[in-house]
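*Asks:* Show me how the following folds:
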Amino acid sequence: MGSARAAQKRTGPGGYAAYLALRGAMMAPQIAGPANALELARRLGRTFGGLPFNRKRIDRAAESLRFALPGSTDAARRELALESYEHLAMLAVEVAFLPRVLTEDSWTRHVDVGDVGRALDALTGDRPVILITGHTGNWEVMGYTLALLGVRVHAIYRPLDLKPLDRWVRRTRERRGLRLVDKFGAVHAVPRLLEQNQAVAFVADQNAGDRGVFVPFFGRLTSTYKSIGLMALKHNAVIVSGGAHRVGWDDAGHDHTQGRRVGGNDLRFRVMVDDVFGPEDYLAQPDPLYYLTARYRRSIENLVLAAPSQYLWMHRIWKSRPRHERLDKPFPDTLRRKLAELHWMDDDAIARLIEQSDQDRAFLTERGLDRMP
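*Replies:* Residues are numbered from 1 along each chain as shown. Have a look, this model is predicted:
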C-alpha cells in the first residue's frame, strides 16, 4: 500500500518532471557511447564504494566473499567488493543501452549464446517452465535474448514508484517480446501462466525471511523462497537456471596507466545455462520441495562463481537465520538428513555447513540477536 500511495504522489507535474530528468540522464551515456559511459560508470562505482560512509557495506561484502572464496586474501576480497560496486554502476549504463542494441537485427553482435540447447528444448516443449537467475551479471539480458529467439518469457518485476518511468520500462521491454508481471499481482498471474505452459522468470537469490527454505549457499544455510518450489511442484514445471555475464571488458583488460579500456567489444554478454531439471528429478526425492529449492540455489552459486566480480555482494545474503539457530537449539537431525539426500553434498561439505551453523547460532546467542547484523 505504501508503494502504491508513493506512486500516486509521483504522477503529478513533479512526477513527470522527475521522469523527464531521469530520461535525460539516461540519454547521457548514449551520447557518450558505450565505451566511455561504461568506463565512467566503473570509476564512479568504485569511488562510491570506497567512500567512508560506505565502509560498512564494503566490510559486509568482503565478509560474504570470505564464504564464497575461502582461499582468497583480505586484499583480494576487498578488491572484489569494490568491483561489485563497479559492476552495479556499469549495469545501470547497460540497462540504458539494451533497448537500442538488443534488436532483431543487431543482438547477435552483442550476445554470445552458449550451450542453451537443453533450455530451448524445455522452453519450446509442452510443459510449464520456471526460469531462475540471481543478481549476477546482467539478469535482463537473458530474458531479452530468449524473447528475441522467439520464446515468450514472463518476468516477475517490482513496478517503479514513478509511473511514467514504469510505463517506459514496460514499453521498452515488451517491445522485444519480454512480458513483465507485477510482483504484487504475481500470486494470481503466475499460476495461470504455468497452467498455460508458459515460461515465468524469477530473480531468486533474495533473502526470503525467517519462513523461507534454508538451503546451502556457499557453505552456509540461506533463506530461499518457498513459493517458487511450491509452484513448480503444483504444476510439474521444468526448472531452467541461467544468466548472462558481461564479457570483453575484463577479458580485454584495462590500461590503468591511461585510465581507459583497451580492445574488446564495448557491450557484449555471454548467456549461460547452468542447470535444467524437471519433475522426473525432484519428485523422486524424499523431500521434493527441499531438493528443488536447494538445487536451483546451488545453480545460482555456480553462476556467481563464473564471474564473482559481477555479483551484488553488498546484499545481506545471510541475514535471516533458521529456527534452530535463533532458538539456540542443536542442528536438527531432520535437516541433516535432507542435506544428505542432496547428491552434490558429501560428508565433508555437510560437516562444514553444520559447523558454520553452530558458529552462527553461538554468534546470535552471545549478542541476543535473531538475525545477522
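
*Asks:* and the longest helix belonging to the chain, what other elements does it pack with?
*Replies:* Secondary structure assigned by DSSP state H gives helix 74-101 as the longest helix of the chain. Packing partners of helix 74-101 (3 or more C-beta pairs under 8 Å, 6 or more residues apart in numbering; DSSP states H and E): helix 13-32, helix 34-49, helix 55-68, helix 139-148, helix 163-175, strand 238-246. Backbone N, C-alpha and C define where each C-beta goes, glycine included.

*Asks:* what pairs with the helix or strand following that helix, and is each one parallel or antiparallel?
*Replies:* Going down the chain from helix 74-101, the next helix or strand is strand 111-113, by DSSP states H and E. Paired with strand 111-113 in the same sheet, following DSSP bridges, are strand 269-277 (parallel).

*Asks:* which element follows the partner strand toward the C-terminus?
*Replies:* Following strand 269-277 in sequence, per DSSP H and E, is helix 279-282.

*Asks:* Residues contacting that following helix, please?
*Replies:* With C-beta atoms under 8 Å, 6 or more residues apart in numbering as the test, helix 279-282 has contacts from 232-233, 236-239, 288, 291-292, 295.

*Asks:* 7 Å instead, please
*Replies:* 236, 288, 291-292 (C-beta atoms under 7 Å, 6 or more residues apart in numbering).

*Asks:* now stretch 348-355
*Replies:* Contacts of stretch 348-355 (C-beta under 7 Å, 6+ apart): 216, 219-221, 331, 339-340.

*Asks:* Name the member of those residues that has the highest neighbour count.
*Replies:* residue 221 (24 neighbours; other C-beta atoms under 10 Å).

*Asks:* if we can go back for a sec, buried set for the longest helix of the chain?
*Replies:* For helix 74-101, burial by neighbour count (16 or more other C-beta atoms under 10 Å) applies to 77-91, 93-99, 101.

*Asks:* Can you pull the phi/psi pair for residue 137?
*Replies:* In terms of degrees, to the nearest 10, the main-chain angles of residue 137 are phi 60, psi -150.

*Asks:* Measure how buried it is and give me the count.
*Replies:* With other C-beta under 10 Å as criterion, residue 137 counts 28.

*Asks:* Quick check: beta-bridge partners of the closest residue to it other than its chain neighbours?
*Replies:* Distances taken as C-beta to C-beta, 6 or more residues apart in numbering place residue 245 nearest to residue 137, at 3.8 Å, with adjacent residues excluded. Going by DSSP bridges, residue 245 is paired in beta bridges with residue 270.

*Asks:* contacting residues around residue 245?
*Replies:* Counting by C-beta under 7 Å, 6+ apart, residue 245 has contacts 137, 269-270, 306-307, 310.

*Asks:* what does residue 273 give?
*Replies:* Counting by C-beta under 7 Å, 6+ apart, residue 273 has contacts 115-116, 118-119, 240, 242.

*Asks:* Would you mind checking those for buried ones?
*Replies:* 116, 119, 240, 242.

*Asks:* Just name the closest of these to residue 133, please.
*Replies:* Minimum distance to residue 133 across those is 6.3 Å, recorded for residue 242 (C-beta to C-beta).

*Asks:* Please tell me how far the closest one sits from residue 123.
*Replies:* Distance of residue 242 to residue 123, computed by C-beta to C-beta, to the nearest Å: 11 Å.

*Asks:* same question, residue 208
*Replies:* Relative to residue 123, and taking C-beta to C-beta, residue 208 is found at 26 Å.

*Asks:* More neighbours: which of those two?
*Replies:* Counted by other C-beta under 10 Å, residue 208 and residue 123 do not tie: residue 123 has more neighbours, with 22 against 19.

*Asks:* ok, now which ones touch the more buried one?
*Replies:* By C-beta under 7 Å, 6+ apart, the neighbours of residue 123 are 129, 146, 151, 199, 240.

*Asks:* Out of the residues you listed, who's the most crowded?
*Replies:* Busiest of these [other C-beta under 10 Å] is residue 240, holding 29 neighbours.

*Asks:* got a list of what it touches?
*Replies:* Counting by C-beta under 7 Å, 6+ apart, the residues that residue 240 touches are 119, 122-123, 129, 131-132, 273, 276.

*Asks:* and it, what are its bridge partners?
*Replies:* Counting by DSSP bridges, the residues bridging with residue 240 are residue 131, residue 276.

*Asks:* for residue 180, same thing?
*Replies:* residue 155.

*Asks:* Over to residue 371?
*Replies:* Where residue 371 sits in a bridge, its partners, by DSSP bridges, are residue 320.

*Asks:* Test my guess that it contacts residue 321.
*Replies:* Yes. Residue 371 is within contact range of residue 321, at 5.9 Å (criterion: C-beta atoms under 7 Å).

*Asks:* Between those two, tell me which one has more neighbours.
*Replies:* Taking neighbours as other C-beta under 10 Å, residue 371 and residue 321 compare with residue 321 leading, 24 against 16.

*Asks:* How much space separates that one from residue 368?
*Replies:* Taking C-beta to C-beta, one finds residue 321 at 13 Å from residue 368.

*Asks:* Outline the domain layout of the chain.
*Replies:* In terms of domains, the chain is parsed into 2-320, 321-373 (source: automatic domain parsing).

*Asks:* from these, which stretch is densest packed?
*Replies:* The highest mean neighbour count among the domains of the chain, using mean count of other C-beta atoms under 10 Å, belongs to domain 2-320: a mean of 18.
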